[in-house]
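Trainee: I need the structure of the sequence given here:
(one chain, ligands or ions: 1)
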Amino acid sequence: MQTPIYHGRFAPSPTGPLHYGSLLTAVASYLQARSNHGQWTIRIENIDPSREPKGCIQDILDTLSNYGFVWQGRPYRQIERIHHHLRVADNLLQWGHAFRCQCSRKTLAVCTETGAMGPIYPGNCRYLRLPADQANVIRVLTDHTQLSFTDRNYGVRSYDMASTSGDFVIVRADNLPSYILAATVDDIQQGYTEIVRGHDLLAITARQLYLTDVLGKPRCHFLHVPIITNDQGEKLSKQTHAPALPKWHARHMLVNVLEDLGQSPPKRLRWGSLETLWSWAMTHWDAARIPNCPTITYTDR
Ligand SMILES: [Zn+2]
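Mentor: Numbering: from 1, shown residues only. Coordinates of the predicted model:
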């Protein structure tokens, strides 16, 4: 069998049921993969099991299935791969691309400047060569590399890593990999060719690509889509009490999502079968029509 050229993924965090914002990202990544005759897999981002309500993963998979998504292989759980992530962090330490840091939150609170990706680490522990038992976290060394990439929706982005990011955390104080480390290592090892995800992760893409470059691996492409906010301008999430997707109004919700993604689904799709809807969506999908504003306010239709 010929290996598909395109490989995409949907990567929900099992902190609560899927909501309209997660559905929009799932639809965009699914249609990108299917319209490119590629593979689409599911990665459950459950590095931190303390935040995972019981039964949440199965609920997410059932909802996706009810909405007509079809994925390849077994959805894999990121927690099963922690030893890979930590081994990469060890390699980076050995190669001199990373260092252990013992700074407390208090130390950092008084001396950090803020860049495009948050507070910039002042470099206190860079050359101390701390042993593991004296350190809190592991950070990657950054320099004034100008990191540029082209997002398929938001265009060319360029960052001076030292002044916009600074040395960033790859292993947290609880000895779990950071989101950046886990996502980068998995994206590389799973061979994704394009990542479709929400605009809130656009800025940290520079860190992921910086890490990819340091590891000497090929970069994948990125396509960020607007995030959905409530009428107070807050991102839909468990924290902002976003309602769970309804079990039985899949077509209605999917047509709303297609409209928000800039496609022009005909009204009849709201009353036809799910198969008709997906067939129309795959034939007419045009990523160039996705709005390139950062957010879209959720409207009940
Ligand atoms: Zn430090």
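Trainee: element containing the closest residue to Asn292 other than its chain neighbours, please.
Mentor: What sits nearest to Asn292 in space, not counting adjacent residues and going by Cβ to Cβ, 6 or more residues apart in numbering, is Asn153, at 5.2 Å. Where C-beta positions appear, they are placed from N, C-alpha and C, glycine not excepted. Asn153 is part of no helix or strand, with elements assigned from DSSP states H and E.
Trainee: which element follows the helix of greatest length in the chain toward the C-terminus?
Mentor: In the chain, taking DSSP state H as the definition, the longest helix is helix 20-35. Following helix 20-35 in sequence order, the next helix or strand is strand 39-44 (DSSP H and E).
Trainee: What are the buried residues along whatever helix or strand comes next after that next one?
Mentor: Next in sequence after strand 39-44, counting helices and strands by DSSP H and E, comes helix 56-66. By neighbour count on 16 or more other Cβ atoms under 10 Å, the buried set for helix 56-66 is 56-57, 59-61, 63-64.
Trainee: now helix 56-66 and helix 20-35, what's the angle there?
Mentor: Interaxial angle, helix 56-66 versus helix 20-35 (axes from the mean of the first three to the mean of the last three Cα atoms, to 10 degrees): 60 degrees.
Trainee: follow-up on the earlier one: the residue nearest to Asn292 - how many residues pack around it?
Mentor: Residues near Asn153, counting by other Cβ atoms under 10 Å, number 19.
Trainee: Could you do the one 10 residues further on as well?
Mentor: Neighbour count for Ser163, taken as other Cβ under 10 Å: 13.
Trainee: Am I right that it sits in a helix?
Mentor: Yes. Under DSSP: H, G, I helix; E, B strand; the rest coil, Ser163 sits within a helix.
Trainee: Which positions in the chain make contact with the ion?
Mentor: Contacts of the chain with the ion, taken as Cβ under 5 Å from the ion, map to 101, 103, 124-125.
Trainee: can you map out the strands along the chain?
Mentor: Counting by DSSP state E, the chain has these strands, from start to end: 7-10, 39-44, 76-77, 98-101, 113-115, 118-120, 137-140, 146-151, 155-160, 168-171, 194-198, 221-225, 227-229, 295-297.
Trainee: Which of those strands sits closest to Thr283?
Mentor: strand 39-44 (16.7 Å; Cβ to Cβ).
Trainee: where along the stretch 201-301 of the chain do the helices fall?
Mentor: 205-214, 250-260, 274-284 (DSSP state H, counting those that start in this stretch).
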